[in-house]
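*Asks:* let me see the structure of the following:
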Amino acid sequence: MDRGDRFEGGAPETPPLSEIYLYLAGTCNLRCRHCWIDPGFGTESQRFLPWSEMRKIFVEAQELGLRAVKLTGGEPLMHPEILDILRGLHEMGLKLRMESNGTLIGDRQAEVLRETGTDVSISLDGPTAELHDSLRGVPGAFDRTLRGVESLSKQGWPPFQIITCLHRGTRPVLADMVRLAGELGAGSLKINVVNSMGRSAGMEQQGELLSVAEVLDTYRSLMAALLEGTQIRVFFDVPPAFKSLAELRAEARCSCGILNILGILSTGRASLCGIGEHLPALDFGNPLEVGLRTIWESDPTLLDIREHLPNALHGVCGKCVFRRHCMGKCLAHNYWATGDLFAGFQFCQQALDAGLFPAKRLVRPRSQPEAGAREVAP
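*Replies:* As a prediction, the model looks like this:
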């Protein structure tokens with residue numbers, strides 16, 4: 001569906017629900033200092049939604065166009081029925097991907113991941129145990145993650161992905177992370193910038209987060225070094241306005257596909273994404289009670305997004321040439337930071353204010369440069 005499609009009466013057309021982000025566990029076995037979801041620790045107070053109930057949601061979702069599921073958490077492998085869930089979703093013909101810290105992946109889990117064709121992303125936040133464990137909050141996490149990666153490799157189920165986060169402590173070792181990911185047999189490395197959201201607000205207070213200028217300098221230095229040759233694909237999660245056209249062509253998409261995605265929380269409730277656990281305004285209700293179709297077709301927030309995105313984007317996003325592709329980068333983060341779904345993405349807004357946003361990526365003739373913008377090679 002074209003993002004501008006509407007019914008003749010002017011109401012936004014309901015797009016297909018192509019993918020569900022399934023937040024399987026509202027808890028985790030690690031205490032990561034940068035986690036934006038901020039789950040509980042351990043299983044004592046956690047109620048896991050049974051697969052028998054969960055399956056009803058996915059049956060209805062397939063009627064709405066569902067093709068894929070991303071399993072995440074907390075830590076998804078903490079769900080006591082995780083292997084049944086993987087097999088059940090696979091039997092429904094759904095494409096699966098999973099984000100995990102890797103510590104709970106053994107040979108049995110790896111075998112089921114291979115059998116179900118699940119694309120796996122493993123979080124590894126440094127090339128040493130000291131660096132990784134200091135962020136993950138549990139001693140021994142690094143070694144347990146490497147054992148999980150070894151189990152995946154034994155099953156012959158690369159190309160898995162390694163996800164690493166960028167903050168002041170990992171900035172000097174990104175090149176080492178590229179090498180380590182290659183040595184572990186990963187097909188790609190994704191670098192996520194730690195933003196002040198959830199637990200990482202504490203990291204910001206300690207001066208551990210990078211400024212926009214530092215992130216961009218790190219990004220450009222690393223990508224330039226990679227031009228000399230590497231055996232692994234590297235994805236650096238900065239907004240598309242800062243990337244070269246060659247990079248954008250190589251990537252599958254520029255945004256999270258907000259118009260075709262819905263989150264299902266560990267409680268079974270629907271949400272824009274996992275942040276609905278903490279922001280009631282982005283909690284859309286229980287699909288087992290009101291029906292998933294009713295939520296997808298009638299929720300006021302979803303209708304607002306469909307009707308007004310991307311034209312209602314303002315701040316820097318309203319001026320960016322990529323607004324119809326990037327779609328505000330992350331509406332959940334925008335809402336968390338400002339209380340406004342359509343506010344300019346904070347990273348880009350800060351770049352504009354600092355004179356670091358590429359002027360050629362703004363909708364304005366070059367003869368009338370935007371205040372605060374200057375030419376920066378993407």
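*Asks:* please work out how many residues are found near Y335.
*Replies:* The number of residues packed near Y335 is 19, by other CB atoms under 10 Å. Quick note: C-beta positions are derived from backbone N, CA and C, even for glycine.
*Asks:* in terms of helices and strands, where is it?
*Replies:* In the assignment (DSSP states H and E), Y335 maps to helix 331-338.
*Asks:* quick check: mean pLDDT across that helix?
*Replies:* For helix 331-338, mean pLDDT rounds to 89.
*Asks:* buried residues, that helix. List them.
*Replies:* By 16 or more other CB atoms under 10 Å, the buried positions in helix 331-338 come out as 331-337.
*Asks:* what about L180, neighbour count?
*Replies:* When neighbours are defined as other CB under 10 Å, L180 has 20 of them.
*Asks:* quick one: secondary structure of the spatially closest residue to it that is not a sequence neighbour?
*Replies:* Nearest-residue entry for L180: P127, 4.8 Å, with adjacent residues in sequence omitted and distances by CB to CB, 6 or more residues apart in numbering. Judged by DSSP: H, G, I helix; E, B strand; the rest coil, the three-state class of P127 is coil.
*Asks:* which residues touch P127?
*Replies:* P127 sits next to 173, 176-177, 179-180 when contact means CB atoms under 8 Å, 6 or more residues apart in numbering.
*Asks:* what strand or helix carries F284?
*Replies:* Using DSSP H and E, F284 maps to strand 283-285.
*Asks:* now do the domain split for the chain, please.
*Replies:* Here the domain parsing of the chain from automatic domain parsing is 19-238, 259-374.
*Asks:* take the ones you listed and lay them out in a markdown table including distance to S244.
*Replies:* Below are the domains of the chain laid out as a markdown table (distance: least, CB to CB, whole Å):
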| stretch | distance to S244 |
| --- | --- |
| domain 19-238 | 8 |
| domain 259-374 | 11 |
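*Asks:* of all the ones you listed, which lies closest to R249?
*Replies:* For R249, the closest of the domains of the chain is domain 259-374, at 12.1 Å, according to CB to CB.
*Asks:* quick one on the thing from earlier: identify the residues contacting the strand holding F284?
*Replies:* Strand 283-285 is touched from outside by 262, 265, 269-272, 276-277, 295, 299, 301-302, with contacts defined as CB under 8 Å, 6+ apart.
*Asks:* how about the closest residue in space to L292 that isn't next to it in sequence, secondary structure?
*Replies:* Counting by CB to CB, 6+ apart, E60 is the residue found nearest to L292 once chain neighbours are left out, at 4.4 Å. With three-state DSSP as the basis, E60 sits in helix.
*Asks:* okay, now E60: neighbour count?
*Replies:* E60: 19 neighbours (other CB under 10 Å).
*Asks:* can you check M203 too?
*Replies:* Residues near M203, counting by other CB under 10 Å, number 19.
*Asks:* I figured it hits L209, correct?
*Replies:* Yes. With contact defined as CB atoms under 8 Å, M203 reaches L209; the gap is 5.6 Å.
*Asks:* intersection of neighbour lists for these two?
*Replies:* Residues touching both M203 and L209 (CB under 8 Å, 6+ apart) are 167, 194, 196.
*Asks:* was I right about the first one contacting G207?
*Replies:* No. Contact criterion CB under 8 Å: H167 and G207 do not qualify, at 10.1 Å.
*Asks:* neighbour count winner among those two?
*Replies:* Neighbour count, other CB under 10 Å: between H167 and G207, H167 has more, with 22 against 8.
*Asks:* contact partners for the more buried one?
*Replies:* Contacts of H167 by CB under 8 Å, 6+ apart are 34, 135, 194, 203, 208-210.
*Asks:* the residue nearest to L180 and R179: what is the separation?
*Replies:* Remark: distance between P127 and R179 (CB to CB, to the nearest Å) = 8 Å.
*Asks:* give me the distance from the helix or strand encompassing E150 to the chain's centre.
*Replies:* Per DSSP H and E: E150 is located in helix 141-154. Remark: helix 141-154 is offset 22 Å from the chain centroid, using CA atoms, centre = their mean, to the nearest Å.
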